[in-house]
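>>> Could you work out the structure for the sequence below:
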Amino acid sequence: AAAAAAAPPKPAPAATPAPAAAATPAVDPQAVAALEKMGRYLRSLKNFTVHGDTTLDVVTEDGQKLQFPGTVEYKVRVPNGMHLSWKTDRKERELFYDGKTLTVYGPKNKYYATVDAPPTLHDLMAVARDQYGIELPLPDLFLWGTADAPVSDLKAATFVGPARVDGSVTEQYAFRQDGVDWQLWLETGDKPLPRRLVITTTTDPAQPQYTTTLTWNTNAALKDSTFAFVPPKDSAKIELIEVDVAAVEEQP
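Sure thing, here's the model as predicted:
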């Protein structure tokens, strides 16, 4: 008993630390859900037009950043009709697709080339890029909501807040993927259309951007003639060379 009395008192148990507040996830489920909702809506559209007022940054060899304004206009009939017109200070192009052929036309020099095309717009995007090296503007408009634009690629996704674009009420989101940051302004309500898009290339120290503000008609009346190319009288037909063939021809 004496020994027990002489023993030093036991230290009081340490207070249990309060649990730390949960960190905000890098990929916000709210932002992902908004992106998926937009993708489903875009894939539900059958006949639409979309006009984009664009600005493209070009970085010179000595690191100076230049801006070039332009316009993009798509007229689309899903699954097999598209007319594209895009203009910048540097070039002007038109594309005609009717489900059977793809025609690329240069209004300034009046040259055109026609090749066989796959039966759907979805396949056309890949063929134009991979087979002929044609990078169509705003390809994400046709990829969102498909397996070719998986949300698993997102490294970060954030809801920024409400905003207005040309008088329309939107919600602004910010996303990050390997090599690119992008911002998206989505119209609120039952038509979650993308109204503004800013894409920043993060692999370039100058971080050039592509910006576009979009105007939509989701119930456009489009005729077959919209997608059929009729060569102007003073135009000339040329050959559209496949990427692999061009690479072989360039070898010494």
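
>>> Identify the residues contacting the closest residue to residue 100 other than its chain neighbours.
Excluding the flanking residues, the one nearest residue 100 by Cβ to Cβ, 6 or more residues apart in numbering is residue 117, at 6.3 Å. For the C-beta atoms, the positions are set from N, CA and C on the backbone; glycine is no exception. Residues in contact with residue 117 (Cβ atoms under 8 Å, 6 or more residues apart in numbering) are 97, 99-102, 124, 127.

>>> At which residues are the helices of the stretch 1-150 of the chain located?
Under the criterion DSSP state H, counting those that start in this stretch, helices of the stretch 1-150 of the chain are mapped to 2-6, 29-44, 121-132, 140-143.

>>> phi, psi of residue 134?
Backbone torsions of residue 134, given as degrees, to the nearest 10, read phi -100, psi 110.

>>> burial of residue 173, as a residue count?
23 (other Cβ atoms under 10 Å).

>>> next one: residue 146
Residues near residue 146, counting by other Cβ under 10 Å: 13.

>>> again with the one 3 residues further on
One way to gauge burial is a neighbour count; for residue 149, by other Cβ under 10 Å, it gives 14.

>>> what about the residue lying closest to it once chain neighbours are set aside, distance to residue 60?
Ranked by Cβ to Cβ, 6+ apart and with sequence neighbours excluded, the top spatial neighbour of residue 149 is residue 143, at 4.2 Å. The spacing between residue 143 and residue 60, counted by Cβ to Cβ, to the nearest Å, is 30 Å.

>>> likewise residue 171?
From residue 171 to residue 60 the distance is 36 Å (Cβ to Cβ).

>>> quick one: the strands in the stretch 101-250 of the chain?
Using DSSP state E, counting those that start in this stretch, the strands of the stretch 101-250 of the chain run over 101-106, 111-116, 156-165, 168-177, 180-187, 194-201, 209-217, 236-237.

>>> Now render those strands as JSON lines, adding mean pLDDT and distance to residue 226.
Output for those, formatted as JSON lines (pLDDT from 0 to 100; distance: least, Cβ to Cβ, whole Å):
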{"stretch": "strand 101-106", "mean pLDDT": "97", "distance to residue 226": "13"}
{"stretch": "strand 111-116", "mean pLDDT": "97", "distance to residue 226": "17"}
{"stretch": "strand 156-165", "mean pLDDT": "98", "distance to residue 226": "27"}
{"stretch": "strand 168-177", "mean pLDDT": "97", "distance to residue 226": "26"}
{"stretch": "strand 180-187", "mean pLDDT": "98", "distance to residue 226": "25"}
{"stretch": "strand 194-201", "mean pLDDT": "98", "distance to residue 226": "23"}
{"stretch": "strand 209-217", "mean pLDDT": "98", "distance to residue 226": "13"}
{"stretch": "strand 236-237", "mean pLDDT": "97", "distance to residue 226": "21"}
